[in-house]
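Visitor: can't give you the sequence, but here's the structure:
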């Protein structure tokens, strides 16, 4: 196994507060929220009323009308983000060995919202009125397949679905694939488009959704009351460092380490003791050959539920000790909501941009300190900082803990 350094050279992102790297980063720096009252369907009978909708996305800006009609919204996001990331990286895949280019792209719910719509058509109008390519639009792997077909990628193709950790896990798989020498280039990330009546209702039913109508979600705030469901996605181009340098690529950051564990505790609640999440962070630090005091910034899971934010705070304290009070921590979910599996992929884009630009995005909607959450959450306004190493937390329903460490690229 050849152990190679892996760098990030291209970014593509679609979020409720910005489409494309530049618009997204501008929104993060300015603390701009993408959370609004739901417009896609009537939520008058729901306990929650808001979501992170991507309302200015036109798929035909990135693909033919025929392709846009054929594929599901989450796959449209994936293809669009891939084209953004490849352009940003200056990569022309036709000039690369297609066997040395791979992909790892996942989703939590795939095309289930489209299935909701088609089920209603089936019940009301019968089988002949159902979309003929329904089956190919639904399953989780269809996004990766569509990207491969459109771009000619013929290397490794993996689809990992681990709830909210999906983005980090796919990016980590890509990292390990390049590091081992299996591929020189990997396209990696996650997509989500879950905003449909039944899917939205399913999250309301388990009591994790915020009931506030404005200034929500509120990660780490005393009056936080839950997540805000949203949509979006992110794709990163990862490369072997020698390959990137040979073609003169711009490098945003280096991927340094990864750790993952499972609580084996509960389907919707994190383990109260946080021990396995702590172990995941320690594994990531060990993999990156770093000490806790080396971390410059933590991009938190920070979903805004009373229990999760309290436990995440304790996890950070237990791992980092006194240094925990010196590390800036922020949650961009305060601006983008919770796009399920895509959340951690979007966060990794934010981490790469934070390192490249020397700016920590804020935690907005933070107004009332909570004695159970007493760390530095970079409230309301972003902060300039020379970031050497960044740690990104991703904790999923079911108890999956995944941590990725990025660092500033140095020769």
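Guide: Perfect, thanks for sending it. All values reported here derive from a predicted model rather than from experimental measurement.

Visitor: flag the shaky bits of the chain, pLDDT-wise.
Guide: 1-2 (pLDDT under 70).

Visitor: how about the strands in the stretch 51-200 of the chain?
Guide: For the stretch 51-200 of the chain, strands defined by DSSP state E, counting those that start in this stretch occupy the ranges 101-106, 157-158, 185-192.

Visitor: of all these, which lies closest to residue 352?
Guide: strand 185-192 (11.7 Å; C-beta to C-beta). All C-beta atoms are positioned from the backbone trio N, CA, C, and that covers glycine.

Visitor: so residue 284: helix, strand or coil?
Guide: What DSSP: H, G, I helix; E, B strand; the rest coil gives for residue 284 is helix.

Visitor: can you pull the contacts of it?
Guide: 257, 258, 259, 391, 403, 404, 405 (C-beta atoms under 8 Å, 6 or more residues apart in numbering).

Visitor: what's the offset of the strand or helix carrying residue 401 from the middle of its chain?
Guide: Assigned by DSSP states H and E, residue 401 falls within strand 400-407. Distance, stretch centre to chain centre, for strand 400-407: 12 Å (C-alpha atoms, centre = their mean, to the nearest Å).

Visitor: could you number the chain from 46 rather than 1 from now on?
Guide: With 46 as the first residue, the last one maps to strand 445-452.

Visitor: so which elements touch it?
Guide: helix 211-224, strand 298-307, helix 320-332, helix 387-402, strand 434-440 (3 or more C-beta pairs under 8 Å, 6 or more residues apart in numbering; DSSP states H and E).

Visitor: let's see that with 6 Å instead.
Guide: In terms of contacts (3 or more C-beta pairs under 6 Å, 6 or more residues apart in numbering; DSSP states H and E), strand 445-452 is packed against helix 211-224, strand 298-307, helix 320-332, strand 434-440.

Visitor: show me what the last one is packed against.
Guide: Under the contact criterion of 3+ C-beta pairs under 6 Å, 6+ apart, strand 434-440 touches strand 342-344, helix 387-402, strand 445-452.

Visitor: so what touches stretch 129-147?
Guide: For stretch 129-147, contacts defined as C-beta atoms under 6 Å, 6 or more residues apart in numbering pick out 54-57, 196-201, 222, 228-231, 280, 282.

Visitor: what's the PyMOL syntax to select whichever of the residues you listed are buried?
Guide: Here is the PyMOL selection string for the buried members of these, based on 16 or more other C-beta atoms under 10 Å:
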select buried, resi 54+55+56+57+196+198+200+201+222+228+229+230+231+280+282
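
Visitor: contacts for stretch 434-446, please.
Guide: Outside stretch 434-446, the residues that reach it (C-beta under 6 Å, 6+ apart) are 207-210, 213, 306-308, 310, 312-313, 321-322, 325, 339-346, 389, 392-393, 396, 400, 447-452.

Visitor: likewise for stretch 231-245?
Guide: 85-86, 96, 118-119, 122-123, 127, 147-152, 154, 157-158, 161, 188, 211-212, 215-216, 219, 222-223, 276, 278-281, 283, 384-387, 390.
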